[in-house]
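Chemist: coordinates for the following, if possible.
(one chain, ligands or ions: 2)
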Amino acid sequence: MWRRRLGALLLRSPPSSSSTAASSCQHRRRHLLPSEEPLAVNRLARLFTSQAGSDGGNSQKPFIAFVLGGPGSGKGTQCTKIASDFGFAHLSAGDLLRHEIASGSEKGELILDTIKEGRIVPSEITVELIRKAMETSNANKVLIDGFPRCEENRIAFERIVGREPDVVVFFDCPEDEMVKRLLGRNQGRVDDNIETIKKRLKVFESLNIPVIDYYSSRGKVRKINATGTADEIFDAVHKLFSSLRNLHSAGSDEDTIFQGIPGVCLAIICYLFFLKPVLTLCRLNLLCSNCIYTLCLHEIIPRETHITL
Ligand SMILES: Nc1ncnc2c1ncn2[C@@H]1O[C@H](COP(=O)(O)OP(=O)(O)OP(=O)(O)O)[C@@H](O)[C@H]1O
Ligand SMILES: Nc1ccn([C@@H]2O[C@H](COP(=O)(O)O)[C@@H](O)[C@H]2O)c(=O)n1
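Modeler: Ligands and ions are numbered 1, 2, ... in the order given. Now for the predicted structure:
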């Protein structure tokens, strides 16, 4: 796997088409034409890609945004807009669970009872549905809406999917506004009644807020004020995602990422050639053992260690 990653680091990627508490939780680029490639880059690329496999698919890990907020804070509404403007696949944990009920699966009854009670479905079930949906979508940018709802969800995702999110978007909305929105939703949901809504709000406070706090401590949370009209909120969301896209051009359809050129000389050659900054592996500007270690063991170099010239 790390070999594929090494290859991806130096190869140009082709433009892609646009594309309350559960029982368990309660326990708490720019394209280089081949002929134009500078010699040094060519050599380096060969060095890495001679070992790299080609799977012909989306070998990049997807950019993952978790979208959190209380019930009725507008997560689903905003995710639809984000997906449409930024080409994300929108995976709603609640929708996946409701589809599972509708499919007549043997887990359906347990899921329905749990949703009616406003509690959280066992993480293994939800994470497996998300994992399958991610695999099916094969998207390079994924919004996971309404997940993780508790620490158990979060830990199960990290274990089963083997990833942390790139960013966590938190829609911050006052309770009375959320209740008003849910009571007016009119989509026939079994949990849009005042009794269940009160339970969901309690679960949000007791189980979901700690997850948001956890990701805050890791610098991943971007809080959005979720009051105002959906369009007003989306203005802020749009700004946020525009800046994320610029920061991590991962998955951007227009920009080809060219990253991972080790060595300041190569980075300068690339800069002159591409007339744009090139990401380098580390501040030492050498393909030193630390970078190799990071590549091999973690398959990806943390974005925080990338620098632009
Ligand atoms: N900014 C807004 N102002 C008023 N109503 C809104 C706003 N955003 C969404 N709504 C409405 O509020 C209701 C709940 O919105 P939405 O389904 O997006 O919330 P959610 O956070 O996904 O809820 P849940 O967690 O229950 O799925 C919907 O009827 C939606 O049309
Ligand atoms: N990670 C999750 C997400 C949702 N649920 C259950 O589904 C209900 C509805 O979810 P929405 O995101 O559509 O509001 C929610 O109240 C939970 O019962 C879950 O268990 N785990």
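Chemist: need the pLDDT of the residue of the stretch 151-300 of the chain found nearest ligand 1.
Modeler: At 3.3 Å from ligand 1, Arg181 is the closest residue in the stretch 151-300 of the chain, using C-beta to the nearest ligand atom. (Each C-beta comes from the backbone N, C-alpha and C, glycine too.) We have a pLDDT of 98 for Arg181.
Chemist: in three-state terms, label it for me.
Modeler: For Arg181, the assignment made with DSSP: H, G, I helix; E, B strand; the rest coil gives helix.
Chemist: excluding chain neighbours, what is closest to it?
Modeler: Nearest residue to Arg181 in three dimensions, chain neighbours excluded: Gly72, at 4.1 Å (C-beta to C-beta, 6 or more residues apart in numbering).
Chemist: quick one: Leu143 from Ile224, how far?
Modeler: For Leu143, the distance to Ile224 equals 13 Å [C-beta to C-beta, to the nearest Å].
Chemist: so for the two, which sits in the more crowded spot?
Modeler: A side-by-side neighbour count of Leu143 and Ile224, using other C-beta atoms under 10 Å, places Leu143 first with 25 against 21.
Chemist: any idea what the more buried one is bridged to?
Modeler: Counting by DSSP bridges, Leu143 forms beta bridges with Ala65, His90.
Chemist: doesn't Asp85 make contact with it?
Modeler: No: applying C-beta atoms under 8 Å, one finds Leu143 not in contact with Asp85, separated by 11.6 Å.
Chemist: pretty sure Ser123 contacts Glu151?
Modeler: No: judged on C-beta under 8 Å, Ser123 makes no contact with Glu151 at a distance of 9.4 Å.
Chemist: so for the two, which sits in the more crowded spot?
Modeler: Ser123 (24 against 16).
Chemist: what's the nearest residue to the more buried one if we skip its chain neighbours?
Modeler: Ala156 (3.7 Å).
Chemist: and the one you found, how many neighbours?
Modeler: Neighbourhood size, Ala156 [other C-beta under 10 Å]: 22.
Chemist: now do Gly87
Modeler: Gly87: 18 neighbours (other C-beta under 10 Å).
Chemist: distance check, it against ligand 1.
Modeler: According to C-beta to the nearest ligand atom, to the nearest Å, Gly87 and ligand 1 sit 20 Å apart.
Chemist: quick check: residues of the stretch 101-250 of the chain near ligand 2?
Modeler: 114-115, 118-121, 126, 146-147, 149, 153, 191, 200 (C-beta under 6 Å from any ligand atom).
Chemist: so which of those residues are in helices?
Modeler: Thr114, Ile115, Thr126, Asn153, Arg200 (DSSP state H).
Chemist: quick one: the second one and Thr126 touch, right?
Modeler: Yep, that's Ile115 we're talking about. No: between Ile115 and Thr126 there is no contact under C-beta under 8 Å: 11.3 Å.
Chemist: which residues are in contact with both of the two?
Modeler: Leu97 (C-beta atoms under 8 Å, 6 or more residues apart in numbering).
Chemist: neighbour-wise, which of the two wins?
Modeler: Legend: neighbour count by other C-beta under 10 Å for Ile115 and Thr126, higher for Thr126 (26 against 20).
Chemist: what's the nearest residue to the more buried one if we skip its chain neighbours?
Modeler: That would be Ala93: by C-beta to C-beta, 6+ apart, it lies 5.6 Å from Thr126.
Chemist: for that neighbour, give me its contacts.
Modeler: Shown in contact with Ala93 (C-beta under 8 Å, 6+ apart): Thr126, Leu129, Ile130, Ile144, Asp145, Gly146, Phe147, Arg149.
Chemist: now the fifth one: how far from Gly219?
Modeler: Think Asp145. In this view, Asp145 and Gly219 are 22 Å apart by C-beta to C-beta.
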